[in-house]
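>>> Give me coordinates for this.
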Amino acid sequence: MPCLRLRLLPRSRLSLLSLLVLSLGTPSVARAAQDAPCAGLGRRIREAVERSSDPRAQLWLAPYTGPAAVDGLLSRARSGDESDAFSALFAVGLSRDVEALRRLRHIERPKPGLPTLGWALGLLALGDGSMTATIARALKVEPVAVRRRVAETLALLPQKRPRMLLYESLSDADPQVRLIAAEVHLKQNSRRARRVLLELLRAPRRTFRNRAGYALLHRRHRFSAEELAMLPEGLRVQALVAHALSGRRPNQKLLRQQILGADPSARVAALAAVAATGSESRGGLARLRRLVRARRGLGAAAEVSMAMALLDEQLVDAQLDEFSAAQAERAALVFFGFAAGGSPHNQLEPSHALRLATVFGDWVKRSLLSDELQSLMLLALDAADASAGLVAARARIGSRGDGEGLRTAIKIVGRSGRLDDVPKLLGLLSKVDGKSRTRAEVLRASAQTCDGKLRDFTP
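Alright, predicted model coming up:
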């Protein structure tokens, strides 16, 4: 019997062969590992939409649901109260289910009132305008609470017909309905909407004044001195910065006068304009800081320090270290004003922006910034450099406390984050239990990060 000889492969060839064999299974394994953070997210979103009593949470999350959620929403519309039926039927219209339009058309006609309005708005969201007359009538004759809800719902829809329905609401007796309609139509450069918003700058409620000012500012409205006085400080700073940068070359003499002047908003805006344009040298700002500190105190000097840090990356650590809460808040306003200058004025080198993001994280740990200023500084960092904004947002998510700052950080991570951020986002759900708005923000940001990987739609 002939002897069988086994030919052994060299070790190098053996290792290459084993690597080739292992690599054949790698794509599916890698894909499963990549999708792991998103496993079960679709089920969580579906449960949140079906159980939530907050209409805003339902509307935010409805686009990320599937067929199983549509079944639950239709069941809730039949068994719930009128308010729940309204939200559930409209949420069906916002879902991504391809059968949603057919199923909405063929359901039993809902009860008159809010359920019928929710049904009409759900059909309109899917492009079916057969119930437009019902919506138009509600905007004219229904009570104020219903008109507000219908107007807020129409404002969420991007189509032309919802805008047309809201046009008559510009003359509504309720200021909130007028505000919602004006915010929508100002985007189409409506002069009538602009007049409504200018009137609302004098409204007794601060919320209305803030929203009207924000809408006008982002449509590049040139505010008069009287209108500027009605704006809150953050918006007033943005308006002044936009005015300072509107010409070909900023008026350097006027900027210096404002920096040394007594008006804190004008000083912050002037320093932000200087940082955006580089119209002052490093030595010139150092001299101005000495004068400002002698005349206006440490808080005003901190504003100049932030302008110097924005101009020169090497000055970030030296200028912004060991601030008190009052100094950090004044410095944060300068950074926010700098971001209001728009591109390319508000852009920073990645390394420069990352240094500022590190400073922000330190200020958050030391609780130096109010919740509103945390939100403003996060927006400024995100505008200066997206990667730095993401770093700062992650730092804020890892800190304690709920509020506008945390919600802004969640939005930034949802827009710019990676799959690695999803477990951290979902970890917030246990910390914000009972706060439906923040929970909805967390789930929406997770869905945006996992977009295309939400496969778990089974009951």
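
>>> got the contact list for Ala242?
217, 220, 340-342 (Cβ atoms under 8 Å, 6 or more residues apart in numbering). From N, CA and C alone the C-beta is placed, and that goes for glycine too.

>>> how far away is it from Ala276?
Distance of Ala242 to Ala276, given as Cβ to Cβ, to the nearest Å: 11 Å.

>>> what sits in contact with each of these two?
Jointly contacting Ala242 and Ala276 under the rule Cβ under 8 Å, 6+ apart are Gly341.

>>> Would you tell me what helix or strand Arg46 is located in?
Per DSSP states H and E, Arg46 falls inside helix 41-51.

>>> gap between that helix and the chain center?
Computed by Cα atoms, centre = their mean, to the nearest Å, the chain-centroid distance of helix 41-51 equals 22 Å.

>>> and it, what other elements does it pack with?
Applying 3 or more Cβ pairs under 8 Å, 6 or more residues apart in numbering; DSSP states H and E, one finds that helix 41-51 contacts helix 55-61, helix 67-79, helix 422-427, helix 436-449.

>>> May I see the buried residues of the first one?
It refers to helix 55-61. Neighbour counts over helix 55-61 (16 or more other Cβ atoms under 10 Å) mark 55, 57-61 as buried.

>>> Pipe these into TSV and attach pLDDT and distance to Gly93 per row.
Shown next, in TSV, are the buried residues of helix 55-61 (pLDDT from 0 to 100; distance: Cβ to Cβ, whole Å):
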residue	pLDDT	distance to Gly93
Pro55	66	13
Ala57	79	16
Gln58	74	11
Leu59	74	10
Trp60	81	14
Leu61	85	14
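
>>> Just the buried residues of the contacts of Ala242.
Neighbour counting with 16+ other Cβ under 10 Å marks 217, 340-341 as buried within the contacts of Ala242.

>>> Out of those residues, which comes closest to Trp119?
Nearest to Trp119 among the buried ones among the contacts of Ala242 is Leu217, at 37.3 Å by Cβ to Cβ.

>>> if I pick that closest one, what's in contact with it?
Contacts for Leu217 (Cβ under 8 Å, 6+ apart) come out as 223, 235, 238-239, 242.

>>> Leaving out the residues flanking it, which one is nearest to Ile397?
Nearest residue to Ile397, sequence neighbours excluded (Cβ to Cβ, 6 or more residues apart in numbering): Ala409, at 5.2 Å.

>>> And that neighbour, how far from Thr438?
Taken as Cβ to Cβ, the span from Ala409 to Thr438 is 11 Å.

>>> what about the two, which has more around it?
More neighbours surround Ala409 than the other of Ala409 and Thr438, with 29 against 20 (other Cβ atoms under 10 Å).

>>> residues contacting Glu372?
Counting by Cβ under 8 Å, 6+ apart, Glu372 touches 234, 404-405.

>>> and with 10 Å instead?
The contact partners of Glu372, taken as Cβ atoms under 10 Å, 6 or more residues apart in numbering, are 232, 234, 329, 332, 403-405, 408.

>>> Can you give me the pLDDT of it?
Glu372 is assigned a predicted lDDT (pLDDT) of 88.

>>> Please apply the same query to Ala273.
Per-residue pLDDT puts Ala273 at 89.

>>> now do Ala294
Value for Ala294, per-residue pLDDT: 93.

>>> thought it was touching Ala301?
Yes: with contact defined as Cβ atoms under 10 Å, Ala294 reaches Ala301; the gap is 8.9 Å.

>>> More neighbours: which of the two?
The residue with more neighbours, out of Ala294 and Ala301 and counting by other Cβ under 10 Å, is Ala301; that gives 20 against 10.

>>> helix or strand for the more buried one, which one?
Going by DSSP H and E, Ala301 is part of helix 298-311.

>>> What residues of the next helix-or-strand element following that helix count as buried?
With elements assigned by DSSP H and E, the helix or strand that comes after helix 298-311 is helix 316-320. For helix 316-320, a neighbour-count test (16+ other Cβ under 10 Å) marks 316, 319-320 as buried.

>>> of the residues you listed, closest to Arg287?
Among the buried residues of helix 316-320, Gln319 lies closest to Arg287 (Cβ to Cβ), at 14.8 Å.

>>> Tell me which residues touch that closest one, please.
Counting by Cβ under 10 Å, 6+ apart, Gln319 makes contact with 285, 289, 302, 304-312, 331, 359.

>>> Kindly recompute the last result at 8 Å.
For Gln319, the contact set (Cβ under 8 Å, 6+ apart) comprises 305-306, 308-309.

>>> Leu59 too?
87, 90-91, 94, 153, 156.

>>> For those, which single residue is the most surrounded?
Ala91 (31 neighbours).

>>> so what's that one closest to, chain neighbours aside?
Using Cβ to Cβ, 6+ apart and skipping the chain neighbours, the partner closest in space to Ala91 is Ala62 (4.0 Å).

>>> Now that that neighbour has come up, it's in contact with Leu89, right?
No: using Cβ atoms under 8 Å, Ala62 makes no contact with Leu89, being 10.8 Å away.

>>> Give the burial count for Leu186, as a bare number.
By the other Cβ under 10 Å criterion, the neighbourhood of Leu186 contains 21 residues.

>>> Glu303 too?
Applying other Cβ under 10 Å, we find 26 residues neighbouring Glu303.

>>> quick one: contacts for it?
267-268, 271, 292, 330-331, 333-334 are the contacts of Glu303 under Cβ under 8 Å, 6+ apart.

>>> For the residue most central in space within the chain, report the pLDDT, please.
Nearest to the mean C-alpha position of the chain, by Cα atoms, centre = their mean, lies Lys411 at 5.0 Å. Looking at Lys411, its pLDDT is 94.

>>> Also Ser190?
What the model reports as pLDDT for Ser190 is 93.

>>> next one: the one 10 residues further on
Leu200 is assigned a predicted lDDT (pLDDT) of 94.

>>> how far away is it from Phe90?
Separation of Leu200 from Phe90 (Cβ to Cβ): 27 Å.

>>> buried sites along stretch 406-418?
By neighbour count with 16+ other Cβ under 10 Å, stretch 406-418 contains the buried residues 406-414, 416-417.

>>> Report the distance from stretch 397-413 to the chain centre.
So, by Cα atoms, centre = their mean, the centroid of stretch 397-413 is 11 Å from its chain's centroid.

>>> hang on, the earlier thing: tabulate the contacts of Leu59 in CSV, adding columns for distance to Val422, pLDDT and secondary structure.
Shown next, in CSV, are the contacts of Leu59 (distance: Cβ to Cβ, whole Å; pLDDT from 0 to 100; DSSP: H, G, I helix; E, B strand; the rest coil):
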residue, distance to Val422, pLDDT, secondary structure
Ser87, 26, 85, helix
Phe90, 28, 89, helix
Ala91, 23, 86, helix
Leu94, 22, 83, helix
Thr153, 30, 90, helix
Leu156, 25, 86, coil
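
>>> Name the nearest of these relative to Ala353.
Leu156 (32.9 Å).

>>> For that closest one, give me the backbone phi and psi.
Main-chain torsions, Leu156, degrees, to the nearest 10: phi -80, psi -20.

>>> try Gly297
phi 100, psi -180.
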